[in-house]
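Novice: Pasting the sequence and the predicted coordinates here, then a few questions.
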Amino acid sequence: MSEFRKDTLHNKWVLIVPARGKRPHSFLKEVKTEEKDSEENCPFCEGNEYMTPPEVDSFRATGKADEPGWRVRVFANKYPALDRGIKTILPDNNPEKVEGYGFHEVIAETPSHDKDIYNMSQEELVLVLKMYRKRYRVLRKEKYIKSVFIFKNHGRAAGASLSHSHSQILALPIIPPSVEEEMRTIKKAKNCIYCDLLKKASEEKRVLTKNAEFVVFAPYASQSPYQLLVIPKKHQPFFEKTDDEQLILLSILLKEIFLKYKKLLGKIPFNCFFHLPSTKEGHWNIQITPKLTIPAGFEKGTGIFINPVTPEMAVSELKKV
């Protein structure tokens with residue numbers, strides 16, 4: 001039986017339509033096998049540093065900037081969506097227009113062309129998380145910046161233009177609508193809405209895994225099959241204040257998540273992004289959305305996503321692997 005479920009945090013509806021007999025192997029037929037880019041022509045590979053804009057940050061084993069020896073490397077996007085060269089942002093009385101000032105950076109997560117989040121070591125993943133935190137701290141202090149968005153596209157179907165494992169960070173002069181909606185919901189709620197989400201997920205058996213610091217669960221109104229949310233157990237609104245121990249524990253859960261995905265679904269394409277509301281209340285969080293279905297006319301016309309796998313079933317299947 002189908003049902004509408006509301007994402008109260010972002011004021012969105014989802015239509016859950018359990019497909020009888022729809023199992024992970026059915027989705028695999030819809031996801032094409034993706035070919036790896038050539039290592040020789042990959043600008044994100046070690047030794048090809050000259051193919052990218054100048055390095056702005058890195059964690060290194062050896063060498064200088066723009067040389068081999070790095071473990072995680074950051075540089076400006078070659079085709080940026082935002083222009084950091086704008087010197088001033090003049091006041092504008094038009095609420096529908098803001099100059100496209102900002103920063104658009106790429107994080108090459110590994111020097112190896114064959115490594116990705118499915119086979120990275122925990123140590124390698126911790127370094128990526130530390131770079132997220134480091135760049136967030138830097139960019140959040142820039143003048144005119146109101147929000148910083150960290151995201152990862154894996155696979156062509158999820159929007160990745162290159163197969164080499166990488167993430168992106170955009171520092172914006174505006175607050176995205178989804179974050180604004182989240183902040184409004186937080187401020188209106190009598191209790192911590194994130195704590196309520198965690199409690200409800202536990203009661204409804206939608207929790208996949210957890211440790212001393214974090215909980216992983218399928219949202220009640222999951223937009224896509226096998227969508228997961230990672231949330232700190234404690235009230236922690238600011239990602240930049242996480243300590244090294246917390247990032248280690250986060251890396252352990254992320255490794256577990258992607259190992260389960262790989263065993264159940266294969267190396268699927270996905271989008272992963274950080275929700276970082278700029279408010280003292282709440283919990284920062286990470287959303288992982290596998291790209292297993294294609295939004296079409298109904299989704300684009302109504303804004304209501306159709307999900308053929310209930311979140312309860314998704315968690316049950318992931319727990320078994």
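Specialist: Here it is on my side, so go on.
Novice: CA only for contacts and neighbour counts going forward, please
Specialist: OK.
Novice: I150 and N271 touch, don't they?
Specialist: No: if you go by CA atoms under 8 Å, I150 and N271 don't touch, sitting 11.0 Å apart.
Novice: what's around C272, how many residues?
Specialist: Residues contacting C272 under the criterion other CA atoms under 10 Å number 20.
Novice: quick one: D196 is in a strand?
Specialist: No: counting by DSSP: H, G, I helix; E, B strand; the rest coil, D196 is not part of a strand but helix.
Novice: Per-residue confidence, it, what does it come out as?
Specialist: Predicted confidence (pLDDT) for D196: 92.
Novice: swap in H235?
Specialist: For H235, pLDDT reads 87.
Novice: Let me see the contact set for it.
Specialist: E281, G282, H283 (CA atoms under 8 Å, 6 or more residues apart in numbering).
Novice: Can you list which of the residues you listed are found in helices?
Specialist: Applying DSSP state H to the contacts of H235, no entry is found in helices.
Novice: Narrow the residues you listed to those that are buried.
Specialist: E281, G282, H283 (16 or more other CA atoms under 10 Å).
Novice: Please report the distance of P237 from E99.
Specialist: 28 Å (CA to CA, to the nearest Å).
Novice: Looking at those two, which is more packed in?
Specialist: Neighbour count, other CA under 10 Å: between P237 and E99, P237 has more, with 20 against 15.
Novice: Verify the stated contact: the more buried one with W284.
Specialist: Yes: here P237 reaches W284: they are 5.1 Å apart, a contact under CA under 8 Å.
Novice: hey, what's in contact with both of those two?
Specialist: Here P237 and W284 have L276, P277 as joint contacts, going by CA under 8 Å, 6+ apart.
Novice: Lowest-confidence entry in the buried ones among the contacts of H235?
Specialist: Lowest pLDDT among the buried ones among the contacts of H235: E281, with 73.
Novice: So it sits against I186, correct?
Specialist: Yes: between E281 and I186 there is a contact under CA under 8 Å: 7.0 Å.
Novice: Which neighbours do these two have in common?
Specialist: Common contacts of E281 and I186 (CA under 8 Å, 6+ apart): C192.
Novice: What is the subsequent helix or strand relative to the lowest-mean-pLDDT helix or strand in the chain?
Specialist: The helix or strand of the chain with the lowest confidence, counting by mean pLDDT, DSSP states H and E, is helix 24-28 at a mean of 57. Per DSSP states H and E, helix 24-28 leads on to strand 55-60 as the next helix or strand towards the C-terminus.
Novice: Using PDB, write out the CA atom coordinates for that following strand.
Specialist: Output of strand 55-60 as PDB, limited to C-alpha atoms (Å, rounded to 0.1, in the frame of the first residue of the first chain):
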ATOM      1  CA  GLU A  55      46.900  24.100  -4.700                       C
ATOM      2  CA  VAL A  56      45.300  26.000  -1.800                       C
ATOM      3  CA  ASP A  57      45.700  23.400   0.900                       C
ATOM      4  CA  SER A  58      46.800  19.800   1.400                       C
ATOM      5  CA  PHE A  59      47.900  17.100   3.800                       C
ATOM      6  CA  ARG A  60      51.200  15.800   2.600                       C
END
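Novice: Give me the packing partners of that strand, helices and strands only.
Specialist: strand 70-76, helix 122-140 (3 or more CA pairs under 8 Å, 6 or more residues apart in numbering; DSSP states H and E).
Novice: Burial-wise, tell me which of those comes out on top.
Specialist: Comparing these on average neighbours per residue, with mean count of other CA atoms under 10 Å, the densest one is strand 70-76 at a mean of 22.
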